[in-house]
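S.K.: Kindly generate the corresponding structure for this input.
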Amino acid sequence: MVEWYKTYGDEVASKANLTAEQKKEYIEGLVERIEVRYDRDSNDHELAVQFRMPIVGDSIRYKDRRKKKLGYDLLSGDSIATVKVRKGLSKRPLPSTP
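M.R.: As a prediction, the model looks like this:
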């Protein structure tokens with residue numbers, strides 16, 4: 001999220017006023033692909049979103065937590081986020097499994 005936020009964070013608030021086509025183009029710049037799988041036994045859908053940048057779970061580690069001016073190191077994230085959604089029961093996604 002760190003590098004993503006540096007690149008896109010200030011822009012996010014301004015995206016609410018975009019047209020549907022402009023929003024689509026913006027998302028296509030962030031997302032490489034979305035895979036959807038259906039599990040008949042549990043009636044769940046699993047969505048795997050592959051981002052163009054490794055923004056899932058990335059973070060920073062300060063060189064000195066008390067002296068943040070000394071800088072930080074970026075800890076790499078992943079480029080894939082997985083979400084399970086139970087069909088028809090809730091609009092909230094279920095917790096993902098690794």
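
S.K.: CA only for contacts and neighbour counts going forward, please
M.R.: Fine.

S.K.: residues contacting the residue most central in space within the chain?
M.R.: Note on the chain: the residue nearest the mean C-alpha position is Val56, at 5.4 Å, using Cα atoms, centre = their mean. Taking Cα atoms under 8 Å, 6 or more residues apart in numbering as the criterion, Val56 is in contact with Met1, Gly77, Asp78, Ser79, Ile80, Ala81.

S.K.: Next: Leu70.
M.R.: Tyr62, Lys63, Asp64.

S.K.: Report the secondary structure state of Ile27.
M.R.: For Ile27, the secondary-structure state derived from DSSP: H, G, I helix; E, B strand; the rest coil is helix.

S.K.: Just give me the neighbour total for it.
M.R.: Neighbour count of Ile27, defined by other Cα atoms under 10 Å: 12.

S.K.: Would you mind stating the distance between it and Asp44?
M.R.: According to Cα to Cα, to the nearest Å, Ile27 and Asp44 sit 25 Å apart.

S.K.: Ok, Lys24 next?
M.R.: 26 Å.

S.K.: Which one of those two is surrounded by more residues?
M.R.: A side-by-side neighbour count of Lys24 and Asp44, using other Cα under 10 Å, places Asp44 first with 18 against 11.

S.K.: what's around the closest residue to that one other than its chain neighbours, how many residues?
M.R.: Ranked by Cα to Cα, 6 or more residues apart in numbering and with sequence neighbours excluded, the top spatial neighbour of Asp44 is Arg86, at 4.4 Å. When counting by other Cα under 10 Å, one arrives at 17 neighbours for Arg86.
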